[in-house]
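**Student:** compute the structure for the input listed below.
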Amino acid sequence: MMIINVKHKLKTTMKKLISIMLFAVLITSCLPMTGSSMTAFIVKNNSEKPISFTAGVIKMSQAFGAQEINNSFTVKPHDSLIVRQTYFKKDSENPQKWFSKFDISPEEGIEMNDPNLSENWKKSSKDNVPTYTFTINK
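**Tutor:** Below you'll find the predicted structure:
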């Protein structure tokens with residue numbers, strides 16, 4: 001009888017320990033990465049015509065692993081939009097690497113900037129949120 005009681009207590013203690021460990025992992029996985037801050041990636045259109053593009057990012061999923069997610073956007077003339085907002089390393093030198101894909105649809109008479117060059121992503125800050133702005137056209 002004593003052995004069964006000890007086994008039951010051990011089993012109960014192990015369940016509590018596992019629950020506490022899972023809770024700790026869950027809490028720490030929800031916290032932002034150290035040295036990172038919420039960052040906005042903006043695409044700006046200075047032309048007289050709307051410009052469309054597709055941007056892809058790699059998302060991690062515990063169930064499916066790494067997957068590329070692609071979204072299509074259209075930036076109206078003389079407008080801008082937030083393409084992505086995420087935690088990004090402070091003082092990073094390669095904001096363009098956040099995107100796994102960035103395909104701009106050609107627009108007749110408009111010369112486009114290269115989204116793969118870091119110098120085309122201008123860094124600024126608004127309300128303590130680092131912002132990288134890519135002007136899509138020259």
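
**Student:** for the rest of this, base every contact and every neighbour count on C-alpha atoms.
**Tutor:** OK.

**Student:** just list whatever residues bridge to the residue most central in space within the chain.
**Tutor:** Residue closest to the average C-alpha location in the chain (Cα atoms, centre = their mean): Thr86, at 4.0 Å. Residues in a beta bridge with Thr86, per DSSP bridges, are Thr39.

**Student:** list the contacts of it.
**Tutor:** If you count contacts by Cα atoms under 8 Å, 6 or more residues apart in numbering, Thr86 has them with 37-40.

**Student:** for the protein, which segments count as strands?
**Tutor:** 36-45, 51-61, 65-75, 79-89, 101-104, 121-126, 129-135 (DSSP state E).

**Student:** adding distance to Ile18, write those strands out as JSON lines.
**Tutor:** Output for the strands of the chain, formatted as JSON lines (distance: least, Cα to Cα, whole Å):
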{"stretch": "strand 36-45", "distance to Ile18": "30"}
{"stretch": "strand 51-61", "distance to Ile18": "22"}
{"stretch": "strand 65-75", "distance to Ile18": "24"}
{"stretch": "strand 79-89", "distance to Ile18": "29"}
{"stretch": "strand 101-104", "distance to Ile18": "40"}
{"stretch": "strand 121-126", "distance to Ile18": "42"}
{"stretch": "strand 129-135", "distance to Ile18": "37"}
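
**Student:** helices and strands of the protein: which one bottoms out on pLDDT?
**Tutor:** Least confident helix or strand of the chain, by mean pLDDT, DSSP states H and E, is helix 2-30 with a mean of 62.

**Student:** show me where pLDDT drops low in the chain?
**Tutor:** Scanning the chain for pLDDT under 70 picks out the ranges 1-8, 10, 14, 17, 19-36, 88-93.
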